[in-house]
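Undergrad: One predicted model, sequence on top.
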Amino acid sequence: MKSSLYSFYLPFKFKQMNKVQIIPDEKGNVIRQSQNPEYGYVRLSQNKEVYSNNFLSVKPVTALLHAKLEDFKAVDMKNKTELPGRIVIKNLLHHLT
């Protein structure tokens, strides 16, 4: 009797995206102050599905969104808990000069 080994392959990316979560600081502030008083940043988090060697794993990724405080105020960032879109990781193989 002959047996065959089948593997699972995903030739496409899922269209469904997790929303990007806005992570407040320990005091509940969404917008964090940077060293420059005109600028701030927001910490973002998202769970990513990673497919490798026929295994699925879910890994959290985070990013910082920087902007002028007036721009955060203009889009009412302090009252948001999530944003549409996705966090993309780009690896560079050379120095930026």
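TA: All right, it came through fine.
Undergrad: name the element the residue nearest to the spatial centre of the chain belongs to?
TA: Closest to where the C-alpha atoms of the chain average out (Cα atoms, centre = their mean) is Ile87, at 3.2 Å. Assigned by DSSP states H and E, Ile87 belongs to no helix or strand.
Undergrad: got the contact list for it?
TA: Ile87 makes contacts with Val20, Leu44, Ser45, Gln46, Lys48, Val61, Thr62, Ala63, as judged by Cβ atoms under 8 Å, 6 or more residues apart in numbering. For the C-beta atoms, the positions are set from N, CA and C on the backbone; glycine is no exception.
Undergrad: number of nearby residues for the first one?
TA: By the measure other Cβ atoms under 10 Å, the count of residues near Val20 is 20.
Undergrad: what sits against it?
TA: When contacts are counted by Cβ under 8 Å, 6+ apart, Val20 touches Leu44, Ser45, Gln46, Glu82, Leu83, Pro84, Gly85, Arg86, Ile87.
Undergrad: Distance from the chain centre to the helix or strand where the second one lies, please.
TA: So that's Ser45. For Ser45, the enclosing helix or strand under DSSP H and E is strand 39-52. With Cα atoms, centre = their mean, to the nearest Å as the basis, strand 39-52 stands 2 Å off its chain's centre.
Undergrad: list the buried ones in the helix or strand just after it?
TA: Counting by DSSP H and E, the next helix or strand C-terminal to strand 39-52 is strand 55-68. Within strand 55-68, the residues scored as buried using 16 or more other Cβ atoms under 10 Å are Leu65, Ala67.
Undergrad: contacting residues around the helix or strand that strand 55-68 is followed by?
TA: Downstream of strand 55-68, the first helix or strand assigned by DSSP H and E is helix 69-74. For helix 69-74, the external contacting residues (Cβ under 8 Å, 6+ apart) are Ile31, Glu38, Tyr39, Gly40, Val42, Lys78.
Undergrad: Between all of the contacts of Ile87, which two are separated the most?
TA: Leu44 and Lys48 (12.4 Å; Cβ to Cβ).
Undergrad: Which one of those two is surrounded by more residues?
TA: Neighbour count, other Cβ under 10 Å: between Leu44 and Lys48, Leu44 has more, with 18 against 15.
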